[in-house]
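Participant: Provide a 3D model corresponding to the input given below.
(one chain, ligands or ions: 1)
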Amino acid sequence: MKTKTLFTVFLLVSMSFTTRFTLAQLPKETETQKAERMKWWTDARFGMFIHWGLYALPARHEWVKNAERMTNEQYHKYFDVFNPDMWDPHEWAKMAKAAGMKYVVLTAKHHEGFCMFDSRFTDYKATNTPYGKDIVKEYVEAFRAEGLKVGFYYSLLDWHHPDYTIDSNHPQRQTSDSAYIRLNKGRNMSKYREYIKNQVRELLTNYGEISIIWFDFSFPGKNGKGHDDWDSENLLKMARSLQPGIIVDDRLDLDNVEGGWDFTTPEQVQVSKWPEVNGKRVPWETCQTFSGSWGYYRDENTWKSPAQLLELLIESVSKGGNLLLNVGPTARGVFDSRAQDRLKAMGEWMKFNNRSIYGCTEAPAGFSAPSNTLLTYNPVTKRLYIHLLAYPMGSLTLSNMADKVKYVQFLNDASEIRFRAGSDEANNDLILSLPVQKPQVEIPVLEIYLK
Ligand code: GLC
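Facilitator: Have a look, this model is predicted:
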């Protein structure tokens, strides 16, 4: 009896110790374990971002509520008519797959606060609109059926929630401290923090395996919000405990916390080199739009060409990164023709050239890209890929490569490319003989079998 009591006391003490301990830090993992956990993602290289919400209806940027400083009442008209009657998530999933994308991230909630899923913690959700169904559920099932890994974007900002305090990024932002104080009276961020936790718990519990969570975003400082406002560390701990394999972006304002993020997210920019933190290369993904907006923007016309988009993808891989390319579907639930055309063009290229993308990374030191080319490299097959952005006239010289090459072919049709050593042996040049006519692909790729 006595031993039993002692044992119970021991158990309780050690249990409370473990709880405190787990709360104190995020799960530890070695660099190899992290690389292993992220392997499918670093191999995949290409994913689809989907920004879809009420903002598809005004069709003039997903920040429209903010830009036009609309109140909840003014914005409500979109909620009242939201009904994507033509939506077929399977069609979307097929288009993503055909484009060569291996994973997908959908806005479960964007800054407007509208929830695409049937959350128990709000009425402001798809199931209460004329559409009436849980969009997230349909999305998850359709993309999974096509074999893509599924993820969620979740906005930390919320321009609808009554407890979310007005800040510098809010539609009702102010110019004086006293105005902020007056407006924020009665708003309670600790309730909002609970709300986020509850919703993230729902998203990571009710929809099966979720591979990515993309929190967006932090803006610490005066009238801003950062990790304390979101309770980022505990939010992340919860996410990791619910979905141990989950891959997390770096926008929770936990830059200096070990395990606080998995990859960095240069947005709408081309990085000049593989991003590093404390001198070490880190996993990264650039997110990019087809045109200047994430949400559907009817009158925006700065659409990138297929060649530019492919270059973005190849360029990312050539520096060891991923591309998350965004589609902003219309409020009818379709990808508009401009997006479809580009996805198709990318898919045509990927069909014949994906070997230079999947599982590839930056070429090892010592290989230098001839001008107007981008190099990628597959460390497993030890093949080097040269992407010809501008098609050369009859030949291409690779410096310091004559002793390294076993065989060369075009990737698109596996047709041999003959080569010879340059006349100056000291230069170790290799000269490739190329056909005068550019092969029928947007960006031709040379596949080089290295010795
Ligand atoms: C920005 C914007 C947002 C978009 C995101 C994508 O943070 O606020 O509208 O969702 O970038 O990375």
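Participant: if I look at the residue in the stretch 351-451 of the chain that the ligand sits nearest to, how far off is residue 29?
Facilitator: With distances taken as Cβ to the nearest ligand atom, the stretch 351-451 of the chain approaches the ligand most closely at residue 357, which sits 21.6 Å away. (Each C-beta comes from the backbone N, C-alpha and C, glycine too.) Shown here: residue 357 relative to residue 29, a distance of 27 Å by Cβ to Cβ, to the nearest Å.
Participant: out of the two, which sits in the more crowded spot?
Facilitator: residue 357 (26 against 13; other Cβ atoms under 10 Å).
Participant: that one is in contact with residue 43, isn't it?
Facilitator: No: Residue 357 is not in contact with residue 43 according to Cβ atoms under 8 Å; the separation is 9.7 Å.
Participant: now the helices for the stretch 151-300 of the chain?
Facilitator: Along the stretch 151-300 of the chain, counting by DSSP state H, counting those that start in this stretch, helices occupy 177-184, 189-203, 227-230, 232-242.
Participant: with respect to the ligand, which of those lies nearest?
Facilitator: Among the helices of the stretch 151-300 of the chain, helix 227-230 comes nearest to the ligand, with 14.4 Å by Cβ to the nearest ligand atom.
Participant: next, count neighbours for the residue lying closest to residue 226 once chain neighbours are set aside.
Facilitator: Ranked by Cβ to Cβ, 6 or more residues apart in numbering and with sequence neighbours excluded, the top spatial neighbour of residue 226 is residue 220, at 3.1 Å. Applying the criterion other Cβ under 10 Å, we find 11 residues in the vicinity of residue 220.
Participant: quick check: residues of the stretch 1-150 of the chain near the ligand?
Facilitator: Proximity of the stretch 1-150 of the chain to the ligand, by Cβ under 6 Å from any ligand atom, involves residues 51, 62, 63.
Participant: how near is the second one to residue 153?
Facilitator: Separation of residue 62 from residue 153 (Cβ to Cβ): 11 Å.
Participant: need the residues touching each of the two.
Facilitator: Each of 51, 110 lies in contact with both residue 62 and residue 153 under the rule Cβ atoms under 8 Å, 6 or more residues apart in numbering.
Participant: how would you label the residue of the stretch 51-200 of the chain found nearest the ligand: helix, strand or coil?
Facilitator: Across the stretch 51-200 of the chain, no residue is closer to the ligand than residue 62, which sits at 5.0 Å (Cβ to the nearest ligand atom). Look at residue 62: counting by DSSP: H, G, I helix; E, B strand; the rest coil, its state is coil.
Participant: begin at 8, not 1, for the rest of this chat.
Facilitator: Will do, 8 is the new start, and the previous item becomes residue 69.
Participant: thought it was touching residue 61?
Facilitator: No: with contact defined as Cβ under 8 Å, residue 69 does not count as touching residue 61 (9.3 Å).
Participant: neighbour count winner among the two?
Facilitator: Set residue 69 next to residue 61 and count neighbours by other Cβ under 10 Å: residue 61 wins out with 28 against 25.
Participant: quick one: buried residues of stretch 41-56?
Facilitator: Of the residues in stretch 41-56, those buried by neighbour count under the rule 16 or more other Cβ atoms under 10 Å are 45, 48, 49, 50, 51, 52, 53, 54, 55, 56.
Participant: check stretch 283-303 too.
Facilitator: Neighbour-count burial for stretch 283-303, with 16+ other Cβ under 10 Å as criterion, is recorded at 289-298, 300-303.
Participant: near the ligand, which residues of the stretch 258-407 of the chain are found?
Facilitator: On the criterion Cβ under 6 Å from any ligand atom, the ligand has as its neighbours in the stretch 258-407 of the chain the residues 274, 294, 301.
Participant: quick check: the first one touching residue 294?
Facilitator: Right, residue 274. Yes: A contact is recorded between residue 274 and residue 294 when judged using Cβ under 8 Å, the distance being 5.3 Å.
Participant: make JSON lines out of the buried residues of stretch 41-56 and add distance to residue 425, secondary structure and pLDDT.
Facilitator: Written out in JSON lines, the entries for these read as follows (distance: Cβ to Cβ, whole Å; DSSP: H, G, I helix; E, B strand; the rest coil; pLDDT from 0 to 100):
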{"residue": "45", "distance to residue 425": "40", "secondary structure": "coil", "pLDDT": "98"}
{"residue": "48", "distance to residue 425": "38", "secondary structure": "helix", "pLDDT": "98"}
{"residue": "49", "distance to residue 425": "34", "secondary structure": "helix", "pLDDT": "98"}
{"residue": "50", "distance to residue 425": "32", "secondary structure": "helix", "pLDDT": "98"}
{"residue": "51", "distance to residue 425": "34", "secondary structure": "helix", "pLDDT": "98"}
{"residue": "52", "distance to residue 425": "30", "secondary structure": "coil", "pLDDT": "98"}
{"residue": "53", "distance to residue 425": "32", "secondary structure": "strand", "pLDDT": "99"}
{"residue": "54", "distance to residue 425": "38", "secondary structure": "strand", "pLDDT": "99"}
{"residue": "55", "distance to residue 425": "39", "secondary structure": "strand", "pLDDT": "99"}
{"residue": "56", "distance to residue 425": "42", "secondary structure": "strand", "pLDDT": "98"}
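Participant: nearest to the ligand, of those residues?
Facilitator: Among the buried residues of stretch 41-56, and counting by Cβ to the nearest ligand atom, the member closest to the ligand is residue 56, at 7.1 Å.
Participant: outline the domain layout of the protein.
Facilitator: Recorded structural domains for the chain (assignment: automatic domain parsing) are 38-363, 380-457.
Participant: which residue is the nearest non-sequential neighbour of residue 268?
Facilitator: Closest residue in space to residue 268, ignoring its immediate chain neighbours: residue 257 at 3.6 Å, by Cβ to Cβ, 6+ apart.
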